[in-house]
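Visitor: got a predicted structure here, sequence first:
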Amino acid sequence: MSTLDIRGLHVTVNTDDGPKEILRGVDLTVRSGETHAIMGPNGSGKSTLAYSIAGHPKYTVTGGTVTLDGVSVLDMTVDERARAGLFLAMQYPVEVPGVSVSNFLRTAKTSLDGEAPKLRTWVKDVNGALANLGMDPAFAQRSVNEGFSGGEKKRHEIAQMELLNPHFAILDETDSGLDIDALKVVSEGVNRFTAQGDRGVLLITHYTRILRYIEPDFVHVFVAGRVAEQGGAELAERLESEGYDRYTKISAAQS
């Protein structure tokens, strides 16, 4: 069993007015086999948590620890974090003109495994992964995300996750911009991933609609850079009816 452990995490981002603290002491533990949903209003620090774990240079960790099976993630380069078993599906996937989806993924797989997958097997695996996400195999020969719709980009992110098969997947608002059909397809991909039983997911979302298809084991409410409350799937149901007002008012009163 693997464990991703976050303790007392403080993170700042540089602004025109100087460093601004976004995360203010986050404690969170994700174990293999668990699905955790991170919910909260805009600006609460959800995406900052995701990118800080992944090693985005825009964010500076000023305190706390992030460990994977007891080893400091913060001491690793971005590629070392990927090889250690971390995966980030971005809210806004970037385009990579001139690099085909198949070559991009094969290069990533080679870096992770230390050897290139056999080409014939790899083509079959890529086409199968794309088909599972409702994408034509022709996408494998297109440049990464170039000319893809928003929904196609999100489906491609989940295909990447399934092919690279990390220990922990961090999904940053994967449901944003998806219609109901795409939401179901993407959710099925996440559920296939977690069905292995030894994979963990940190799912960041504003809304409960994706949680109708991906049932979380734990729900954490983020407000003002901290975990304001945590519980089971029933907490998400309560948020659906009550919203975040209660948490934001408490946070404002404590500021």
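Guide: Yes, it's here. Numbering: from 1, shown residues only.
Visitor: residue 194 versus residue 1, what's the distance?
Guide: Using C-beta to C-beta, to the nearest Å, residue 1 is found at 14 Å from residue 194. C-beta coordinates here come from the backbone N, C-alpha and C atoms, glycine included.
Visitor: between these two, who's got more neighbours?
Guide: More neighbours surround residue 194 than the other of residue 1 and residue 194, with 20 against 9 (other C-beta atoms under 10 Å).
Visitor: quick check, the more buried one in contact with residue 35.
Guide: Yes: counting by C-beta atoms under 8 Å, residue 35 is a contact partner of residue 194 at 5.8 Å.
Visitor: what is in contact with the two at once?
Guide: Common neighbours of residue 194 and residue 35, counting by C-beta atoms under 8 Å, 6 or more residues apart in numbering, are 201, 214.
Visitor: show me where the stretch 51-200 of the chain has helices.
Guide: Counting by DSSP state H, counting those that start in this stretch, the segments of the stretch 51-200 of the chain that form helices are 78-84, 101-113, 119-132, 150-164, 180-194.
Visitor: what mean pLDDT does the last one have?
Guide: I take that to be helix 180-194. Confidence over helix 180-194 (mean pLDDT, whole number) is 95.
Visitor: quick check: buried residues in it?
Guide: Neighbour-count burial for helix 180-194, counted by 16 or more other C-beta atoms under 10 Å, picks out 182, 183, 185, 186, 187, 188, 189, 190, 193, 194.
Visitor: put the alpha carbons of that helix into CSV.
Guide: What follows is helix 180-194, C-alpha atoms only, in CSV (Å, rounded to 0.1, in the frame of the first residue of the first chain):
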residue,chain,number,x,y,z
ILE,A,180,-23.3,15.0,-19.7
ASP,A,181,-22.1,12.3,-22.2
ALA,A,182,-18.5,13.3,-21.9
LEU,A,183,-18.8,13.4,-18.1
LYS,A,184,-20.0,9.9,-18.0
VAL,A,185,-17.2,8.6,-20.3
VAL,A,186,-14.5,10.4,-18.3
SER,A,187,-16.0,9.1,-15.0
GLU,A,188,-15.9,5.6,-16.4
GLY,A,189,-12.2,6.0,-17.2
VAL,A,190,-11.5,7.1,-13.7
ASN,A,191,-13.5,4.2,-12.3
ARG,A,192,-11.5,1.8,-14.4
PHE,A,193,-8.4,3.2,-13.0
THR,A,194,-9.5,2.9,-9.4
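Visitor: orientation of that helix relative to helix 119-132 in degrees?
Guide: With axes from the mean of the first three to the mean of the last three C-alpha atoms, to 10 degrees as the basis, helix 180-194 and helix 119-132 are set at 130 degrees to each other.
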